[in-house]
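Participant: The sequence and its predicted three-dimensional model are supplied below.
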Amino acid sequence: MKSRDVRETFLNFFKEKSHSIVPSAPMVTKNDPTLLFVNSGMAPFKEYFLGNGKPKNSRIADTQKCLRVSGKHNDLEEVGYDTYHHTLFEMLGNWSFGDYFKKEAISWAWELLTDVYQIPKDILYVTIFEGSEEDNLPKDSEAYEFWKAIVPENRILLGSKKDNFWEMGDQGPCGPCSEIHVDIRSAEEKSKVDGKELVNQDHPQVVELWNLVFMQYNRKADGSLEDLPAKHIDTGMGFERLCTVLQGVTSNYDTDVFTPIIREIETISNTDYGKDEKVDIATRVIADHVRAVAFSIADGQLPSNTGAGYVIRRILRRAVRYGFTFLNQTDPFMYRLVDILSKKMGPAFPELNSQKQLIENVIREEESSFLRTLEQGLILLNKIIEDADSKTISGERAFELYDTFGFPIDLTSLILREKGYQLDEKGFQTEMKKQKERSRSASESSTDDWTLLKETNQNDFIGYDQLEADIQITKYRKVSSKKDGDQYQLVFDVTPFYPEGGGQVGDKGYLEDTNGDVVYILDTKRENNLIVHFAKNLPKSVDGRFKALVDTKQRERTAANHTATHLLHQALREVLGTHVEQKGSAVHSKYLRFDFSHFSKMTDEELKDVENFVNARIAGKLPLIEKRDIPKEEALAEGAMSLFGEKYGDKVRSIRFGQSIELCGGTHVKNTSDLWHFKIKSEGAVAAGIRRIEAITTDAVKDFYFENNRQYFEMRDLLNNAKEPVKALQNLQDENAALKKQVAQLLQEKATTVLSSIESEIEEINGVKFLAKKVDLDANSIKNMAFAIGKKHDNLFAIFGSSPTPEKAMLTCYISKELVNEKSYDAGQVVRELGKLIQGGGGGQNFFATAGGKNPAGIPNALEKAKNYIG
């Protein structure tokens with residue numbers, strides 16, 4: 001059965017069981033602070049399990065793209081070494097929210113696997129929760145009885161809490177689970193060892209196929225369990241593993257999910273998969289990782305140096321490194337795999353087709369950048385080897401290469417072995433552990449249980465229409481972190497505070513009680529569909545009524561900037577072309593940032609045209625036309641633009657200003673004239689094919705022009721109130737250039753004079769011509785003088801001191817190359833060590849190096865000690 005048929009069969013099966021089939025949510029999470037990426041099929045539905053929302057249908061099924069780079073069996077560095085773990089994977093799942101429970105979940109799973117997919121029953125095993133003394137939970141006898149009715153008892157195995165009790169996190173919904181495992185070993189292997197002995201033993205061919213989670217408890221902050229108000233079903237089956245079973249192979253990479261990509265890698269690299277273990281591992285790494293990177297970019301997450309972007313960059317660079325080391329790929333190649341990937345998976349995930357050009361551009365640019373890093377790293381590693389005083393390279397130096405320059409540690413180790421050196425791996429791991437501990441310490445946090453004040457699911461946002469409201473706190477909890485200290489999260493029955501989302505920052509403001517006491521709201525966010533307000537302290541009486549007031553000035557400025565992003569989007573498509581698509585935004589009260597797809601730097605004329613376009617709409621005083629809770633199809637039919645990477649519901653809100661119409665949940669001005677003026681401050685590249693504009697509106701523009709005006713008059717004063725300041729400044733620059741030329745000539749003449757006078761001071765020590773002298777020259781003149789003397793004298797060791805200013809000191813060392821080669825002298829080492837005497841440091845090449853410091857008084861001592869290097 002082909003993979004596309006496997007997927008369709010699953011979805012059709014549950015469609016016939018009255019499940020709504022929903023598309024995969026974007027892999028990049030938006031309103032869940034606990035996750036960077038969707039890492040399980042249930043992650044997009046957390047709000048329903050937490051009781052913060054209600055699905056339209058209590059039965060749902062889908063195939064969800066997931067990403068895991070840590071956790072059990074999912075260490076990134078291990079992917080590719082086995083045949084059944086991946087970074088990106090599809091999770092087939094069915095859910096029940098307070099509808100059916102264990103009986104139906106178990107019987108339908110067995111029916112689909114054995115009757116529909118026709119997997120032989122005698123290669124399947126099931127596990128149930130054996131109970132836990134720690135949590136005072138008995139064996140899941142209910143699941144056991146349901147399984148016993150359809151499966152021989154010797155194929156029902158008991159599983160520990162570790163394997164058969166699923167938890168969302170340290171707190172939250174959880175419950176026992178029942179796993180279905182499959183044994184795809186050969187008959188000969190099965191005759192030697194019973195399959196049930198290998199369940200949950202990390203055997204590559206006896207693996208978990210489907211996990212049925214029975215969500216019935218809530219884990220509290222103190223570790224205790226309580227019953228959930230309603231019982232839910234959450235199941236997840238690995239699509240790639242299922243294809244392995246149904247296609248009669250023993251490796252996920254031998255299924256038609258991966259084989260087209262692997263064939264393309266073979267063609268590009270001129271290698272054969274299946275003949276060399278190192279080549280095979282590299283091929284699997286690349287085939288796996290290109291999927292993860294492509295889907296991430298398609299969902300709006302570009303590689304970067306922080307957060308989710310860093311994860312994607314790390315995955316991509318690992319693949320490039322394997323291609324570089326084991327497939328001899330020294331030029332970008334992974335971007336060439338995107339075409340076959342989009343052809344294979346585009347029908348099920350259309351975002352791969354619509355974003356194909358962007359994915360290719362970003363991957364190609366990232367590959368080029370990292371290959372340059374590898375080249376630089378090789379140079380630095382060679383320098384480390386040259387400077388080594390033993391055959392063991394310190395873990396600290398290797399970690400610096402890894403941490404500062406991104407050079408892979410396993411590549412460092414490989415190169416060292418090839419050159420007869422070894423790596424102090426223990427020292428490297430020590431440095432790595434220190435870094436992780438620093439990172440963990442900085443991000444440590446704790447969260448208390450919610451304290452309920454009012455039993456209600458009401459949490460309505462009313463901030464489109466009013467900026468103050470009478471509210472009640474329905475629940476609160478304390479959260480603590482190293483970064484922010486102790487804070488409280490407050491939930492209201494209704495709120496005028498806009499929660500961060502759609503690129504727009506959350507509102508700030510305050511609560512006021514009946515006595516006039518105030519609690520400041522520092523931020524507002526949406527977590528799993530719950531609007532949460534952050535405060536440093538609680539009100540004196542949390543169960544009273546309060547007036548909630550939004551910071552009006554900040555909201556108005558933020559709304560103006562959000563409206564400006566819509567007009568900017570329209571302007572860019574008008575000026576540059578309809579290929580322009582929004583790729584991200586940040587809307588603050590002081591500025592806006594807008595990322596968009598475009599292939600080249602914008603010209604000054606294009607930027608001016610965009611500014612003029614937006615300002616014409618501001619001058620046109622276009623009114624806001626807002627439609628709320630309209631069917632998505634209706635909004636799109638009216639011409640509304642939807643943004644990639646966003647998850648929309650069946651009902652949406654559309655925002656229109658003239659011909660600009662977008663789906664948007666943010667806040668906006670009532671009329672474009674409220675923006676006052678629009679000014680672009682910068683335009684530049686974010687990634688290949690992605691540009692970024694930063695701009696300002698309203699008060700920020702007034703401040704911008706006020707500051708420019710102030711600087712203009714200040715400059716005129718310096719130019720003696722010249723009538724034409726630009727011309728006067730140009731004349732000044734021309735005069736300065738002429739004077740610099742004269743100064744350079746004078747310095748050259750001075751250096752020649754100094755050269756003539758100091759040659760006589762060269763003394764010979766042990767066959768080395770030694771010269772140490774303090775001179776009154778600039779750095780460039782000293783360098784030229786040093787090389788001039790070096791041309792005239794062999795075996796020269798010269799060191800010069802100078803003091804460009806009373807607070808600065810400089811040392812310059814020149815050593816003839818014959819001394820470098822024959823006596824292993826190193827100018828870089830000399831200035832590094834003597835630089836300490838001038839309270840500084842430096843470096844350079846072995847024949848020429850400089851050091852700077854802040855203690856000119858140390859120069860005589862440094863020049864005197866230079867003799868020690870040739871004594």
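Facilitator: Arrived safely.

Participant: In contact with S654: list those residues for me.
Facilitator: Contact analysis of S654 by CB atoms under 8 Å, 6 or more residues apart in numbering lists E626, K627, I630, A635, E638, A640, I661, E662, L663, C664. C-beta: built from backbone N, CA, C; applies to glycine.

Participant: Grab the nearest non-local neighbour of the last one.
Facilitator: For C664, the nearest residue in space outside its immediate sequence neighbours is I655; the separation is 4.5 Å by CB to CB, 6 or more residues apart in numbering.

Participant: pretty sure that neighbour is in a strand, no?
Facilitator: Yes: looking at I655 with DSSP: H, G, I helix; E, B strand; the rest coil, it is inside a strand.

Participant: picking up where we left off before, same list (the contacts of S654) but as TSV, adding distance to T495, neighbour count and secondary structure.
Facilitator: Rendered in TSV, the data for those read as follows (distance: CB to CB, whole Å; neighbours: other CB atoms under 10 Å; DSSP: H, G, I helix; E, B strand; the rest coil):
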residue	distance to T495	neighbour count	secondary structure
E626	19	13	strand
K627	22	15	strand
I630	23	16	strand
A635	25	23	helix
E638	29	12	coil
A640	26	21	coil
I661	27	20	strand
E662	24	21	strand
L663	22	19	strand
C664	19	25	coil
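
Participant: quick one: which of those residues is nearest N736?
Facilitator: E662 (50.8 Å; CB to CB).

Participant: pretty sure that closest one is touching Y648, no?
Facilitator: No: in terms of CB atoms under 8 Å, E662 does not count as a neighbour of Y648; the distance is 11.5 Å.

Participant: Report the set of residues contacting both of those two.
Facilitator: Contacts common to E662 and Y648, judged by CB under 8 Å, 6+ apart, are S642.

Participant: Can you give me the neighbour number for F295?
Facilitator: Neighbour count for F295, taken as other CB atoms under 10 Å: 28.

Participant: Check which helices and strands the helix or strand hosting V831 sits against.
Facilitator: In the assignment (DSSP states H and E), V831 maps to helix 827-834. Judged by 3 or more CB pairs under 8 Å, 6 or more residues apart in numbering; DSSP states H and E, the packing partners of helix 827-834 are strand 809-815, strand 840-844, strand 848-853.

Participant: Helices of the stretch 351-500 of the chain, start to end?
Facilitator: Ranges of helices in the stretch 351-500 of the chain, per DSSP state H, counting those that start in this stretch, are 351-354, 356-387, 395-405, 409-418, 425-443.

Participant: Tell me the span between the first and last residue of stretch 460-479.
Facilitator: End-to-end distance of stretch 460-479 (CA to CA, to the nearest Å): 23 Å.

Participant: low pLDDT regions in the protein?
Facilitator: 70-75, 440-443, 644-645, 871 (pLDDT under 70).

Participant: show me the biggest helix of it in terms of residues.
Facilitator: helix 725-758 (DSSP state H).

Participant: The closest residue to V610 other than its chain neighbours: how many residues sit nearby?
Facilitator: Spatially, and ignoring its direct neighbours in sequence, V610 is nearest to A571 (4.5 Å; CB to CB, 6+ apart). A571 is flanked by 24 other residues according to other CB under 10 Å.

Participant: Tell me who's in contact with A571.
Facilitator: By CB under 8 Å, 6+ apart, the residues touching A571 are D609, V610, F613, V614.

Participant: one more time with 6 Å, if that's ok
Facilitator: Applying CB atoms under 6 Å, 6 or more residues apart in numbering, we find A571 in contact with V610, F613, V614.

Participant: swap in D256?
Facilitator: Residues in contact with D256, defined by CB under 6 Å, 6+ apart, are K2, S3.

Participant: Just the element for it, please.
Facilitator: Using DSSP H and E, D256 is not contained in any helix or strand.

Participant: quick one, phi psi at it?
Facilitator: phi -70, psi 0 (degrees, to the nearest 10).

Participant: For H181, see how far away it is.
Facilitator: Applying CB to CB, to the nearest Å, the value for D256 to H181 is 23 Å.
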